[in-house]
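Trainee: pasting the sequence and the predicted coordinates here, then a few questions.
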Amino acid sequence: MGFVQNGTEKRVKILIYGRTGWIGGLLGRLCEEKGVDFAYGTARLEDRAKLEADLAEAEPTHVLNAAGVTGRPNVDWCESHRVETIRANVVGTLTLVDVCRLRGVLVVNFATGCIFEYDESHKLGSGVGFTEDDSPNFVGSFYSKTKATVEELLRNYDNVCTLRVRMPISSDLQNPRNFITKITRYDKVVDIPNSMTVLDELLPISIEMARRNLTGVWNFTNPGVVSHNEILEMYKEYVDPAFTWKNFTLEEQATVIVAPRSNNELDASKLKAEFPELLSIKESLLRYVFQPYAKNRDSA
């Protein structure tokens with residue numbers, strides 16, 4: 001299937017990096033479902049020669065980059081593996097974008113919005129979110145520091161669409177990378193409203209953004225915020241009526257993690273203006289995650 005632009009059929013070939021990752025795998029399945037011509041890249045991002053070989057072989061018109069290091073089981077891994085984190089998140093991403101620019105290829109880069117934290121100008125509960133023009137103010141974790149660094153550098157490239165993903169959620173409630181799955185397995189959770197990304201709704205939009213050749217930085221979250229407790233209340237209502245959980249404070253959380261975590265609200269008005277059908281975070285959770293689960297369970 002070609003993308004139609006200015007009334008003409010235009011060849012589209014998408015090259016995806018991050019095949020073994022969660023988002024990379026989902027992107028491949030989406031392209032299959034939509035009939036979009038795609039392939040997976042095989043090079044490690046920091047290997048410029050192999051990247052060039054990938055691009056020469058695939059001849060893509062767009063690259064979707066979902067590769068990078070987040071750490072297993074969580075971002076605390078990055079604190080003790082700093083060189084590996086730099087190589088993947090900074091050197092690798094910059095090399096990919098640079099190689100693509102020389103070939104006139106647009107890169108949709110799946111980045112993170114975990115580079116901000118609530119402050120005096122963006123207070124918790126105020127409804128004032130960080131915009132695409134705001135500079136990162138959270139470098140509490142080494143992971144976030146590398147992501148903030150590369151975002152600022154990528155602003156100098158004209159072939160990049162940076163998508164700030166936050167606390168990604170999907171309808172696959174068994175996936176350990178799913179934010180909902182994570183917090184249902186924690187002994188205790190903090191209860192703070194945050195911007196989040198429902199992948200079932202937003203990943204198809206990312207492919208459309210490539211089609212439209214959109215560039216620049218985008219807050220890639222559903223509008224509004226939702227708290228941990230609100231999600232767990234939905235989980236209890238739609239998935240497991242017997243589910244219970246306990247809360248603890250940020251100070252108590254700090255005793256069981258290595259690096260601080262980001263909490264923030266991102267202003268999604270730019271994305272909403274481009275895609276007016278975009279649902280608020282709570283509406284999206286219900287439509288794409290919890291209501292389908294309950295429907296499938298009841299019909300089983």
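Mentor: Perfect, thanks for sending it. None of these values were measured; they are calculated from a predicted model.
Trainee: okay, strands next: where are they in the stretch 151-300 of the chain?
Mentor: 160-165, 216-219 (DSSP state E, counting those that start in this stretch).
Trainee: most tightly packed of those?
Mentor: Each of the strands of the stretch 151-300 of the chain was scored by mean neighbour count; the highest is strand 160-165, a mean of 25, by mean count of other CB atoms under 10 Å. Bear in mind the C-beta positions are built from the backbone N, C-alpha and C, glycine included.
Trainee: strands paired with it, and their directions?
Mentor: With DSSP bridges as the test, strand 160-165 is paired with strand 106-112 (parallel), strand 216-219 (parallel).
Trainee: dump the first one to PDB, restricted to CA.
Mentor: It refers to strand 106-112. As requested, the backbone C-alpha atoms of strand 106-112 are provided in PDB (Å, rounded to 0.1, in the frame of the first residue of the first chain):
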ATOM      1  CA  LEU A 106      12.700  10.800   7.800                       C
ATOM      2  CA  VAL A 107      13.200   9.200  11.200                       C
ATOM      3  CA  VAL A 108      10.300   8.800  13.600                       C
ATOM      4  CA  ASN A 109      12.200   8.400  16.900                       C
ATOM      5  CA  PHE A 110      10.400   6.900  19.900                       C
ATOM      6  CA  ALA A 111      11.800   8.900  22.700                       C
ATOM      7  CA  THR A 112      10.600   9.600  26.300                       C
END
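Trainee: name the element the closest residue to residue 28 other than its chain neighbours belongs to?
Mentor: The spatially closest residue to residue 28, leaving aside those adjacent along the chain, is residue 16, at 5.8 Å (CB to CB, 6 or more residues apart in numbering). Per DSSP states H and E: residue 16 is located in strand 14-17.
Trainee: after that strand comes which helix or strand?
Mentor: Immediately after strand 14-17, counting by DSSP H and E, sits helix 22-34.
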